[in-house]
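J.: based on what follows, work out the 3D shape:
(2 chains)
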Amino acid sequence: AQTVTQSQPEMSVQEAETVTLSCTYDTSESDYYLFWYKQPPSRQMILVIRQEAYKQQNATENRFSVNFQKAAKSFSLKISDSQLGDAAMYFCALSNTGNQFYFGTGTSLTVIP
Amino acid sequence: GAVVSQHPSWVICKSGTSVKIECRSLDFQATTMFWYRQFPKQSLMLMATSNEGSKATYEQGVEKDKFLINHASLTLSTLTVTSAHPEDSSFYICSAVSPGGLNTIYFGEGSWLTVV
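T.: Predicted coordinates:
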């Protein structure tokens, strides 16, 4: 079974500052992928960043980066230079080779001007 | 533009009726699509895997006779909520896997269902 846990229901950050969203997971699969998705009020799921479990190097996408700790089964998202447009619900997700996604409960991010 | 399109975006139906939601891949053929359900302020829960030309695979706890899934073509999967009840009111989202594999999974825009 796959589980994804996000322990921070809500987070806030000052504009231009850095914030880290936490995520832990559990899976019995040896081959899997991890994702962070952003869901604005429109409800459209927007891919922020992804990480292949077999890669040791942490993924980076512009202002977004992850800290992937495979042994600890931890996958946190760091948002640097936060912008007002970053405000949204953020979901951590795990996907196995079957392409099914298992989502965490989400973290609502508020960006304070 | 949207690569995966859902229709309708929102629908209101009466209790006891059935309602169909469509998920279309616009630019590619998808042998596999997925249906998720999201209650307000909650996470997305995988309901079922829709396989073209075969029966859908349902997650534990999802009633297959209530949530009928048909994947009759490589670009269309439909979710029919039969004998809808108010507790079925939710946001339903589909995703589709393009031939490029895991790196190319696209989510639809979602469909709001309200049962009155």
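J.: OK, contacts around the residue of chain B found nearest chain A?
T.: Ranking the residues of chain B by distance to chain A (CB to the nearest CB) places residue B:107 first, at 4.0 Å. (Glycine included, C-beta is placed from N, CA and C.) Neighbour list for residue B:107: A:44-45, B:4, B:93-95 [criterion: CB atoms under 8 Å, 6 or more residues apart in numbering or on different chains].
J.: so which residues on chain B come close to chain A?
T.: B:32, B:34, B:36, B:38, B:42-46, B:49, B:91, B:93, B:95, B:97, B:102-103, B:105, B:107, B:109-110 (CB under 8 Å from any CB of the partner chain).
J.: buried subset of those as a ChimeraX selection?
T.: When burial is assessed using 16 or more other CB atoms under 10 Å in any protein chain shown, the buried subset of the residues of chain B next to chain A is captured in ChimeraX by this command:
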select /B:32,34,36,38,43,44,45,46,49,91,93,95,97,102,105,107,109,110
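J.: so what are the sheet partners of the helix or strand of chain B with the lowest mean pLDDT and their directions?
T.: Taking mean pLDDT, DSSP states H and E as the measure, the helix or strand of chain B with the lowest value is strand B:105-107, at a mean of 87. The sheet places strand B:105-107 alongside strand B:90-97 (antiparallel), with pairing taken from DSSP bridges.
J.: quick one: average pLDDT of the strand it pairs with?
T.: Confidence for strand B:90-97, expressed as mean pLDDT, is 93.
J.: now residue A:16, nearest residue through space, not along the chain?
T.: Distances taken as CB to CB, 6 or more residues apart in numbering or on different chains place residue A:81 nearest to residue A:16, at 5.7 Å, with adjacent residues excluded.
J.: which one among the contacts of residue B:107 gets closest to residue A:108?
T.: For residue A:108, the nearest member of those is residue A:45. The distance, counting by CB to CB, is 15.2 Å.
J.: and the closest one, what does it touch?
T.: For residue A:45, the contacting residues are A:37-39, A:91, B:44, B:93, B:95, B:107, by CB under 8 Å, 6+ apart.
J.: quick check: the farthest pair among those?
T.: Taking CB to CB as the measure, the contacts of residue A:45 reach their widest spread between A:38 and B:95, a distance of 15.2 Å.
J.: ok, the closest residue to the residue of chain B closest to chain A other than its chain neighbours to residue A:71 distance?
T.: Computed as CB to CB, 6+ apart, the closest residue to residue B:107 that is not its neighbour in sequence is residue A:45, at 4.0 Å. Noted for residue A:45: a distance of 29 Å to residue A:71, by CB to CB, to the nearest Å.
J.: repeat that for residue B:50.
T.: 35 Å.
J.: quick one, which of the two is more surrounded?
T.: A count of neighbours by other CB atoms under 10 Å in any protein chain shown puts residue B:50 above the other of residue B:50 and residue A:71, at 26 against 5.
J.: partner strands of the one helix or strand that one maps to, with direction?
T.: Per DSSP states H and E: residue B:50 is located in strand B:44-51. Strands flanking strand B:44-51 in the sheet, each with its direction: strand B:32-38 (antiparallel), strand B:57-58 (antiparallel) (DSSP bridges).
J.: would a markdown table of those with mean pLDDT be doable?
T.: Formatted as a markdown table, the entries for these read as follows, by pLDDT from 0 to 100:
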| stretch | mean pLDDT |
| --- | --- |
| strand B:32-38 | 94 |
| strand B:57-58 | 95 |
